[in-house]
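Student: Coordinates for the following, if possible.
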Amino acid sequence: MPAWSCILRGGWLFDGDGGEPRRGDLAVADERIDAVGRLPAEAVAGAGEAKVLDCSGLAVAPGFIDVHTHSDLTLLAAPEADTHVCQGVTTDICGNCGFSAFPVGGARAERIAEERQRLGIKAEWSDLPGFLKQAERTPAALNRALLVGHGAVRASVLGYGDRQPNGTELEAMRAEVRAAMELGCLGLSSGLIYPPGMYASTDELVALAAVAAQAGGIYTSHVRGEGAHLEESLDEFLRIARESGAPAQFSHIKVSGQEYWHKIDLLVERLEQARRGGLRVTADRYPYTASETGLDVLLPKWAFDGGQERELQRLADRATRSRLAREILAANPAPEFWERVVLGSVVEPALRELQGRSVAEIAAARGGAPVEVYLDLLVEDRARSEAMYHKLSEEHLERLLALDWVMIGSDSSARGSAGPSSAGHPHPRGCGTFPRVLARYVREKQVLSLGEAVRRMTSLPAETFGLERRGRLREGFYADLVVFDPAKVADGATYGSPKKPPEGIVHVLVNGRPVMLGGARTPDRPGRILRREARR
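Tutor: This next block holds a predicted model:
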């Protein structure tokens, strides 16, 4: 019998399969689960220096896998990953929505340099091998796995212009994706409402997703439209899945905008029909009714052509600005629209007092029309502000969480409790996603059973993204574990106080080593980079 390093005694064991728990024990040897079930008292007594954790009345589950994060850079700036570890997360899947920290060529280099500087990251890299070396030099408290971002690839090869690649450029993009897959990336992500991903044709996306599929990888997508253009966006998503052969993940599945909420039936029925027809389609969702992204996302597509400096020039030009205002108002005519757009994190210190306030509220204080104040804010923060958009349905959220192929993703970045990554006014999902599901949608609303919720956070993500020997309580699996109190677990973060940590998460182990004990953080950073072996 291997020497046990930790024994979790007398808890309710949730295997990750979605079923009811059984009471028992779990023993860890080095980085793996060595025994699951009823351990004889004499075996525990003879375990020598093993740490014994009394888990009576507590749930013991595989560590939660956050399938939708943007922690690529923040895990270098804040490897302690406080905001995610405190939720019971043991693995972050990074590089979603087309944004990955590599490759860093051409026009992409300046953007990533600014982000590194803002987070206090002194290291530089130009490609995935360089990024991996830096990540290995900066071990984190949790595991990370990587997607290669279509937007990063396109920007590195083509820049931020609205044009299509020629044959040589398309092959260069395919080569970038191929190289990323050979080094263990899980797949390709796209963000088709953001530049430069918004300029890609469906054929381009099929060609790149096929490279990921050939290596056994997945295609994940923030689709081109989640409201007015949902139908055609859904058509494109399914076409890419069908023609590329890649399993496809519908990122943060939703219908955005009350005037489009009636499309929920179409969305669910089309995806379930595709699944019945043999397409490997899944989705993720965060448990909130507000999204978060850049404040400039409301600008029309043409405003981004040529990159950030060209965007700022258009915002400064009086005639162009008038056109922008007209088009934004035409797309968002509801009088209460600006009450639903809330300024989040900003970069300019002079704007920090406005964080957490709606554009309507800021406009009233400034004495201007909301659309004009909105454009002013973009100029003042050089189009770097984030915003929350309160445009989603609680009824839809419950319906989507009830689907057995929808997993949980925070759509956030792991942050530290201090330092540059802790600045700003983020969405509460960064601190509250997983406990909120367990409290609000399991314990209070009973949308999910506890066992099924654990499955959506553990074995389903591991199987979907190809994470070997993760996501279940089984002998020989890696000891990524979370222990929580089902009666007390709850999110603390709110839109007004988004950094408040949750309650009820007791112990967290990553690769067999505690990163949280008794609700308190440890200094250990045992996380590693999880890779998929490419097929040739």
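Student: Using CSV, write out every CA atom in the lowest-mean-pLDDT helix or strand in the chain.
Tutor: Of all helical and strand segments in the chain, the minimum by mean pLDDT, DSSP states H and E falls on helix 41-45, at a mean of 83. Output of helix 41-45 as CSV, limited to C-alpha atoms (Å, rounded to 0.1, in the frame of the first residue of the first chain):
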residue,chain,number,x,y,z
ALA,A,41,-10.0,2.1,11.2
GLU,A,42,-6.7,0.2,11.5
ALA,A,43,-5.7,1.4,8.0
VAL,A,44,-6.4,5.0,9.0
ALA,A,45,-4.6,4.6,12.3
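Student: And the next helix or strand past that helix?
Tutor: On the C-terminal side of helix 41-45, the closest following helix or strand by DSSP states H and E is strand 51-54.
Student: Please state the offset of the next helix or strand after that next one from the chain centre?
Tutor: Once the chain leaves strand 51-54, the next helix or strand it forms, by DSSP H and E, is strand 59-62. Mean C-alpha position of strand 59-62 versus that of the full chain (CA atoms, centre = their mean, to the nearest Å) differs by 22 Å.
Student: With stretch 196-212 instead?
Tutor: Computed by CA atoms, centre = their mean, the chain-centroid distance of stretch 196-212 equals 21 Å.
Student: in that stretch, what's buried?
Tutor: Of the residues in stretch 196-212, 196-200, 204-212 count as buried by neighbour count, 16 or more other CB atoms under 10 Å. Where C-beta positions appear, they are placed from N, C-alpha and C, glycine not excepted.
Student: Quick one: these as TSV, columns for secondary structure, pLDDT and distance to Trp125 too.
Tutor: TSV is the format used below for these (DSSP: H, G, I helix; E, B strand; the rest coil; pLDDT from 0 to 100; distance: CB to CB, whole Å):
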residue	secondary structure	pLDDT	distance to Trp125
Pro196	coil	97	21
Gly197	helix	98	22
Met198	helix	98	26
Tyr199	helix	98	26
Ala200	coil	98	24
Glu204	helix	98	25
Leu205	helix	98	26
Val206	helix	98	29
Ala207	helix	98	26
Leu208	helix	98	22
Ala209	helix	98	25
Ala210	helix	98	27
Val211	helix	98	22
Ala212	helix	98	21
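Student: quick one: which of those is nearest Pro486?
Tutor: Here the nearest of the buried residues of stretch 196-212 to Pro486, counting by CB to CB, is Ala212; it sits at 37.8 Å.
Student: these two touch, right, the closest one and Tyr219?
Tutor: Yes - with contacts defined as CB atoms under 8 Å, Ala212 counts as touching Tyr219 at a distance of 6.1 Å.
Student: how many neighbours does Ala363 have?
Tutor: With neighbours defined by other CB atoms under 10 Å, the count for Ala363 comes to 20.
Student: so it sits in a strand?
Tutor: No - secondary structure of Ala363 (DSSP: H, G, I helix; E, B strand; the rest coil): helix, not part of a strand.
Student: How many residues are close by Ala41?
Tutor: Neighbourhood size, Ala41 [other CB under 10 Å]: 9.
Student: gap between it and Val60?
Tutor: Using CB to CB, to the nearest Å, we find Ala41 at a distance of 18 Å from Val60.
Student: Check His396 too.
Tutor: Computed as CB to CB, the His396 to Val60 distance reads 32 Å.
Student: quick one: which of those two has more around it?
Tutor: The residue with more neighbours, out of His396 and Val60, is Val60; 27 against 20, by other CB under 10 Å.
Student: what's the nearest residue to the more buried one if we skip its chain neighbours?
Tutor: Distances taken as CB to CB, 6 or more residues apart in numbering place Gly11 nearest to Val60, at 3.9 Å, with adjacent residues excluded.
Student: Which strand or helix spans that neighbour?
Tutor: Assessed by DSSP H and E, Gly11 sits inside strand 6-13.
Student: Likewise for Ser345?
Tutor: According to DSSP H and E, Ser345 maps onto no helix or strand at all.
Student: Check the contact between it and Ser422; I expect there is one.
Tutor: No - with contacts counted by CB under 8 Å, Ser345 stays clear of Ser422, the gap being 10.7 Å.
Student: what about those two, which has more around it?
Tutor: Ser345 (21 against 16).
Student: ok, and the closest non-adjacent residue to that one?
Tutor: According to CB to CB, 6+ apart, the nearest residue to Ser345 is Gly424 (2.9 Å).
Student: Can you classify that neighbour as helix, strand or coil?
Tutor: Applying three-state DSSP: Gly424 is coil.
Student: Likewise for Leu509?
Tutor: strand.
Student: picking that back up, chain center to the least confident helix or strand of the chain: distance?
Tutor: The chain centre lies 42 Å from the centre of helix 41-45; the measure is CA atoms, centre = their mean.
Student: same deal with stretch 501-511?
Tutor: Distance of stretch 501-511 from the chain centroid (CA atoms, centre = their mean) equals 19 Å.
Student: swap in stretch 216-229?
Tutor: With CA atoms, centre = their mean as the basis, the mean position of stretch 216-229 lies at 14 Å from the chain mean.
Student: try stretch 103-120
Tutor: 20 Å.
Student: Can you tell me what sits against that stretch?
Tutor: Applying CB atoms under 8 Å, 6 or more residues apart in numbering, the contact partners of stretch 103-120 are 73-74, 76-77, 101, 122-128, 152-153, 155-160, 176, 307-308, 347, 419-421.
Student: and His84, how many neighbours?
Tutor: His84 has 31 neighbours, counted by other CB under 10 Å.
Student: my guess is it meets Asn143, correct?
Tutor: No - with contact defined as CB under 8 Å, His84 and Asn143 do not form a contacting pair (10.7 Å).
Student: Spell out which residues are contacts of both of the two.
Tutor: Counting by CB under 8 Å, 6+ apart, the residues touching both His84 and Asn143 are Asp92.
Student: per-residue confidence averaged over the strand holding Gly11?
Tutor: The pLDDT scores in strand 6-13 average 97.
Student: So which residues make contact with that strand?
Tutor: Applying CB under 8 Å, 6+ apart, the external contacts of strand 6-13 come out as 21-28, 36, 39, 44, 47, 50-61, 473, 479, 481, 483, 486, 507, 509, 512, 514.
Student: Pairing partners for it, with directions?
Tutor: Here strand 6-13 has these sheet partners by DSSP bridges: strand 22-29 (antiparallel), strand 51-54 (parallel), strand 59-62 (parallel).
Student: Check which residues of the last one are buried.
Tutor: Going by neighbour count (16+ other CB under 10 Å), the buried part of strand 59-62 is Ala59, Val60, Ala61, Pro62.
Student: Nearest residue to Asp376 in space, please, no chain neighbours.
Tutor: Ranked by CB to CB, 6+ apart and with sequence neighbours excluded, the top spatial neighbour of Asp376 is Gly368, at 7.3 Å.
Student: The one you found and Trp338: what is the separation?
Tutor: Here the criterion is CB to CB. By it, Gly368 lies 11 Å from Trp338.
Student: What of Lys391?
Tutor: For Lys391, the distance to Trp338 equals 12 Å [CB to CB].
Student: before we move on, what about Ala152?
Tutor: Ala152 sits at a distance of 32 Å from Trp338 (criterion: CB to CB).
Student: Also His425?
Tutor: Per CB to CB, His425 is found 18 Å from Trp338.
Student: re the thing from before, what about Ala152 and Trp338, which has more around it?
Tutor: Neighbours were tallied for Ala152 and for Trp338 using other CB under 10 Å; the higher tally belongs to Ala152 (28 against 21).
Student: What about that one? Give its phi and psi, please.
Tutor: phi -70, psi -40 (degrees, to the nearest 10).
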